[in-house]
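mind looking at a prediction? Sequence and model below.
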Amino acid sequence: MMHGVTNPDAGLVVWDVDGTLIPADLRWLRRAVARTYALAESAVVFPTAKVHGYTDESIVIDTAIASGIDERAAEAGVACFPDHLAHVMEQGREELARDQPAYPGAKETIRALHDAGFVQTVLTGNLRSAAEIKLATTGLDDYIDWSIGGFGSDARDRFDLPDVIRRRYADVLGRPLDPDKTVVIGDAANDIACARHAGFRVIAVTHRVTRDELAQHGPDAILDRLSAPDVVAAVSRLTGKD
């Protein structure tokens, strides 16, 4: 949901979800994959690569294959995966709130960016339904404009999602998106690469990866935590709002 008035001239902040706003946890994908392909949860094997920073559908395909499902059956199962994922996440709301609480400072940072006039949305590999449940359950959905976001349910390749946001932003706000005033906040190398591919600015947070590792991928700024003053200052600098 989104409350109050924001100023498109200030710029757009695009949040990653898992590992940036809340801790990443593969239990929901594990449970949904198990149900989708009639596997025991203990038999679900995630690939060693292509998990963090990728879309749910691409992860599901690779995980099904790594778990012994043939490629055609893996692809066929994708159609029913969203229903299974929505069901396990609805069932697990209390568990999610307990085990994946928002990172310290996340809620305050979202509020501070809103107060500074920035429009905010998400670019995430999550299906939209999963992203909505995660942010609503952890109290982070205020001031997020879902109508202009890019989700794993929009495209299987994460690098296609910035264009989804561009189109929706133009449709909803009636003006073209300015990449120089668009800042992605993420935590993984693929978040940085995706932002760079789109021509967006990017801030990386060291929730899961060290500062030195993130620096190798060339983000515009690296922050050790979600401190509202630090994030607002960094976003303002990158968008020229200072």
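Received, thanks.

so where do the helices sit in the protein?
27-36, 56-66, 71-77, 81-91, 93-99, 106-115, 128-137, 161-173, 189-198, 211-215, 228-239 (DSSP state H).

who touches the fourth one?
The contact list for helix 81-91, computed with CB atoms under 8 Å, 6 or more residues apart in numbering, reads 28-29, 31-33, 35-36, 56-57, 60, 96, 127, 129-130, 133-134, 153. Every C-beta, even on glycine, is put in place using the N, C-alpha and C of the backbone.

circling back: save the helices of the chain as a markdown table, and put in distance to residue 18 too.
Putting those into a markdown table (distance: least, CB to CB, whole Å) gives the following:
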| stretch | distance to residue 18 |
| --- | --- |
| helix 27-36 | 10 |
| helix 56-66 | 10 |
| helix 71-77 | 22 |
| helix 81-91 | 13 |
| helix 93-99 | 12 |
| helix 106-115 | 12 |
| helix 128-137 | 8 |
| helix 161-173 | 14 |
| helix 189-198 | 10 |
| helix 211-215 | 16 |
| helix 228-239 | 18 |
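
okay if I get these as JSON lines plus mean neighbour count?
Output for the helices of the chain, formatted as JSON lines (neighbours: other CB atoms under 10 Å):
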{"stretch": "helix 27-36", "mean neighbour count": "22"}
{"stretch": "helix 56-66", "mean neighbour count": "21"}
{"stretch": "helix 71-77", "mean neighbour count": "14"}
{"stretch": "helix 81-91", "mean neighbour count": "18"}
{"stretch": "helix 93-99", "mean neighbour count": "13"}
{"stretch": "helix 106-115", "mean neighbour count": "20"}
{"stretch": "helix 128-137", "mean neighbour count": "21"}
{"stretch": "helix 161-173", "mean neighbour count": "18"}
{"stretch": "helix 189-198", "mean neighbour count": "21"}
{"stretch": "helix 211-215", "mean neighbour count": "14"}
{"stretch": "helix 228-239", "mean neighbour count": "19"}
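
for the ones you listed, please prepare JSON lines with the additional fields distance to residue 7 and mean pLDDT.
Formatted as JSON lines, these follow (distance: least, CB to CB, whole Å; pLDDT from 0 to 100):
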{"stretch": "helix 27-36", "distance to residue 7": "35", "mean pLDDT": "96"}
{"stretch": "helix 56-66", "distance to residue 7": "32", "mean pLDDT": "93"}
{"stretch": "helix 71-77", "distance to residue 7": "44", "mean pLDDT": "95"}
{"stretch": "helix 81-91", "distance to residue 7": "33", "mean pLDDT": "96"}
{"stretch": "helix 93-99", "distance to residue 7": "32", "mean pLDDT": "96"}
{"stretch": "helix 106-115", "distance to residue 7": "10", "mean pLDDT": "98"}
{"stretch": "helix 128-137", "distance to residue 7": "22", "mean pLDDT": "97"}
{"stretch": "helix 161-173", "distance to residue 7": "11", "mean pLDDT": "97"}
{"stretch": "helix 189-198", "distance to residue 7": "22", "mean pLDDT": "95"}
{"stretch": "helix 211-215", "distance to residue 7": "30", "mean pLDDT": "96"}
{"stretch": "helix 228-239", "distance to residue 7": "11", "mean pLDDT": "98"}
